[in-house]
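**Q** Coordinates only, no sequence provided:
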């Protein structure tokens with residue numbers, strides 16, 4: 001991930017930069033311990049600063 005807005009993630013891929021909407025999408029993030037976290041994109045529909053204030057460090 002190279003950037004984030006309130007409604008999208010900007011991700012660098014082998015084929016260039018892709019803009020992915022958050023609304024209606026389920027994301028699976030890999031964690032450093034080789035685990036995975038599933039997050040509904042609708043829960044991420046805030047700017048990063050407001051999301052931290054609303055949910056704290058973890059969703």
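**A** Good, I have the coordinates. In this text, all values refer to a predicted model and were calculated from it rather than measured experimentally.

**Q** Would you list the phi and psi of residue 2?
**A** phi -110, psi -20 (degrees, to the nearest 10).

**Q** tell me how far the ends of stretch 38-47 are from each other?
**A** 19 Å (Cα to Cα, to the nearest Å).

**Q** So what touches that stretch?
**A** Contacts with stretch 38-47, where a contact means Cβ atoms under 8 Å, 6 or more residues apart in numbering, come from 5-7, 21-29, 51, 54-55, 59. C-beta: built from backbone N, CA, C; applies to glycine.

**Q** Now, those that are in strands?
**A** 21, 26, 27, 28, 29 (DSSP state E).

**Q** mind putting those residues in TSV, neighbour count included?
**A** Shown next, in TSV, are the ones in strands among the contacts of stretch 38-47 (neighbours: other Cβ atoms under 10 Å):
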residue	neighbour count
21	11
26	9
27	14
28	8
29	10
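
**Q** which one in these is the model shakiest on?
**A** Across the ones in strands among the contacts of stretch 38-47, the bottom pLDDT score, 87, is held by residue 29.

**Q** in the lowest-mean-pLDDT helix or strand in the chain, what's buried?
**A** One helix or strand of the chain scores below all others by mean pLDDT, DSSP states H and E: helix 48-55, with a mean of 76. Using 16 or more other Cβ atoms under 10 Å as the test for burial, helix 48-55 gives residue 51.
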